[in-house]
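Engineer: The following block contains a protein sequence and its predicted model.
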There are 2 protein chains.
Amino acid sequence: MSAAETAVETIQREMTVFARRARASAGRMHPELSLVSYTLLGHLEESGGRRATDLAAHYALDKSTVSRQVAALERSGLIERRLDPEDHRVQVLDLTAAGREILAQVTRSRRAAFRERLADWPEEDLVRFAAYLERYNAGRTAAG
Amino acid sequence: MSAAETAVETIQREMTVFARRARASAGRMHPELSLVSYTLLGHLEESGGRRATDLAAHYALDKSTVSRQVAALERSGLIERRLDPEDHRVQVLDLTAAGREILAQVTRSRRAAFRERLADWPEEDLVRFAAYLERYNAGRTAAG
DNA sequence: CAAGCAAGTTGTACTGTGCAACCAGAGCGG
DNA sequence: CCGCTCTGGTTGCACAGTACAACTTGCTTG
């Protein structure tokens, strides 16, 4: 196997390990906000006023899944739905003040954890690692 | 924000994006072998003769979870367990021929997807990216 | 208007997971 | 040798996240 193939192999394996751990630790770190909820809230913050269907399409989730997630977030008072006056089938979703608050809080704590973990990395490596990840994710294949 | 802080921010965000996508796409890609099973099988192939406890530690999974996964893999005939003659509490796990077969098959398809995605990366970058990921995962913090 | 399409909800089922309780074997101090 | 404790593993239970299918409601179009 060439060096490149070995590297691809390693990237594949380590990404998978990471994904597993991320899911495991996300719950422990922020019991108040699951990884899904966190992601959805983040998405709504960035591009407010989305519909559930948009979220489902964007994350390749079933509409029923999104429906339940959204219902839970609303029950928790983190988002609100209002009927689109143009089309009464549609519900437009937006963060509430509380939602923004929690999201900011979780973002802070996540950020702190990452920063701690990466504390002893030389800046040069951090910058390069970040660039690689961005480049990787910019791809659109399903290799995920 | 310093360059290092920006990089940490990016790493956090991109890792999260990756985690979400991985989970979404894994099931669709190989219905015959769940992501967990695949990961465990791969681990066993690389470093045969592991114990369930080792797997649990490595993937930050509860021992009960690993126990069930292992039981399922054994039922499917992909791994076999034998009692450690030295210590009768311990079960040493190993792939069966069928297990190696399936694993190779899934690995081929995963590898193809990754390789396609990473096709236009220079070898030097692949190697460095792989090294960063390994280093990141070698850390033991709960940051995911 | 009737037929069909689109947005969401609900019923059902399955997977992956953790925690707690438990069992069995090993090891140690008296 | 006996009990205590530790370790590896299993099982009962609960729960989150997910998909699929059936359904409701509202819009759109022939």
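Structural biologist: Here it is on my side, so go on.
Engineer: Hmm, B:Val8 and A:Phe114 touching each other?
Structural biologist: Yes: using Cβ atoms under 8 Å, A:Phe114 is in contact with B:Val8, at 5.5 Å. Just so you know, the C-beta spots here come from the backbone N, C-alpha and C atoms, and that holds for glycine as well.
Engineer: Would you mind telling me which of the two has more residues around it?
Structural biologist: B:Val8 (26 against 22; other Cβ atoms under 10 Å in any protein chain shown).
Engineer: Quickly find the element holding that one.
Structural biologist: Assigned by DSSP states H and E, B:Val8 falls within helix B:3-29.
Engineer: Which helix or strand lies directly C-terminal to that helix?
Structural biologist: helix B:35-46.
Engineer: on contacts alone, who are the packing partners of that following helix?
Structural biologist: Contact analysis of helix B:35-46 by 3 or more Cβ pairs under 8 Å, 6 or more residues apart in numbering or on different chains; DSSP states H and E lists helix A:3-29, helix B:3-29, helix B:52-59, helix B:63-75, strand B:91-95, helix B:97-117 as its packing neighbours.
Engineer: In that helix, which residues are buried?
Structural biologist: B:Leu35, B:Val36, B:Ser37, B:Tyr38, B:Thr39, B:Leu40, B:Leu41, B:Gly42, B:His43, B:Leu44 (16 or more other Cβ atoms under 10 Å in any protein chain shown).
Engineer: what about that helix and DNA strand D, touching?
Structural biologist: No: residues of helix B:35-46 contacting DNA strand D under Cβ under 7 Å from any atom of the strand: none, with a closest distance of 12.2 Å.
Engineer: just the angle between that helix and helix B:97-117, please?
Structural biologist: Angle of helix B:35-46 versus helix B:97-117, following axes from the mean of the first three to the mean of the last three Cα atoms, to 10 degrees, is 110 degrees.
Engineer: does helix B:35-46 come close to DNA strand C?
Structural biologist: Yes: among the residues of helix B:35-46, B:Leu35, B:Val36, B:Ser37 lie within reach of DNA strand C under Cβ under 7 Å from any atom of the strand.
Engineer: separation between the last one and chain A?
Structural biologist: As judged by Cβ to the nearest Cβ, to the nearest Å, B:Ser37 and chain A stand 12 Å apart.
Engineer: Now for that residue: which residues touch it?
Structural biologist: B:Gln69, B:Ala72, B:Leu73, B:Leu78 (Cβ atoms under 8 Å, 6 or more residues apart in numbering or on different chains).
Engineer: where does chain A come near DNA strand D, residue by residue?
Structural biologist: A:34-37, A:60-62, A:64-65, A:68-69, A:72, A:87-89.
Engineer: Now list the buried members of these.
Structural biologist: Members of the residues of chain A next to DNA strand D classed as buried by 16+ other Cβ under 10 Å are A:Ser34, A:Leu35, A:Val36, A:Ser37, A:Leu61, A:Gln69.
Engineer: Out of the residues you listed, which comes closest to DNA strand D?
Structural biologist: Nearest to DNA strand D among those is A:Ser34, at 2.6 Å by Cβ to the nearest atom of the strand.
Engineer: ok, that closest one to DNA strand C distance?
Structural biologist: 11 Å (Cβ to the nearest atom of the strand, to the nearest Å).
Engineer: And A:Ser37, by the same measure?
Structural biologist: 15 Å.
Engineer: try A:Arg110
Structural biologist: 18 Å.
Engineer: distance of A:Leu83 from A:Gln91?
Structural biologist: Counting by Cβ to Cβ, to the nearest Å, the separation of A:Leu83 from A:Gln91 is 6 Å.
Engineer: Among the two, which residue is more densely surrounded?
Structural biologist: Taking other Cβ under 10 Å, A:Leu83 and A:Gln91 do not tie; A:Gln91 has more neighbours (18 against 11).
Engineer: Per-residue pLDDT of the more buried one, please?
Structural biologist: For A:Gln91, the model assigns a pLDDT of 95.
Engineer: Spit out the contact partners of it.
Structural biologist: Applying Cβ under 8 Å, 6+ apart, the residues contacting A:Gln91 are A:Arg51, A:Ala52, A:Arg81, A:Arg82, A:Leu83, A:Asp84.
Engineer: Using CSV, write out every CA atom in stretch A:118-136.
Structural biologist: The C-alpha coordinates for stretch A:118-136 follow below in CSV (Å, rounded to 0.1, in the frame of the first residue of the first chain):
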residue,chain,number,x,y,z
LEU,A,118,-5.8,21.1,21.8
ALA,A,119,-3.9,23.2,24.3
ASP,A,120,-0.5,21.7,23.7
TRP,A,121,-0.7,21.9,19.9
PRO,A,122,1.6,24.3,18.2
GLU,A,123,-0.3,27.1,16.5
GLU,A,124,1.0,26.0,13.1
ASP,A,125,-0.4,22.6,13.5
LEU,A,126,-3.8,23.9,14.6
VAL,A,127,-4.1,26.1,11.6
ARG,A,128,-3.1,23.3,9.3
PHE,A,129,-5.4,20.8,10.9
ALA,A,130,-8.3,23.2,10.7
ALA,A,131,-7.6,23.8,7.1
TYR,A,132,-7.6,20.1,6.3
LEU,A,133,-10.9,19.6,8.1
GLU,A,134,-12.5,22.4,6.2
ARG,A,135,-11.2,21.1,2.9
TYR,A,136,-12.4,17.6,3.8
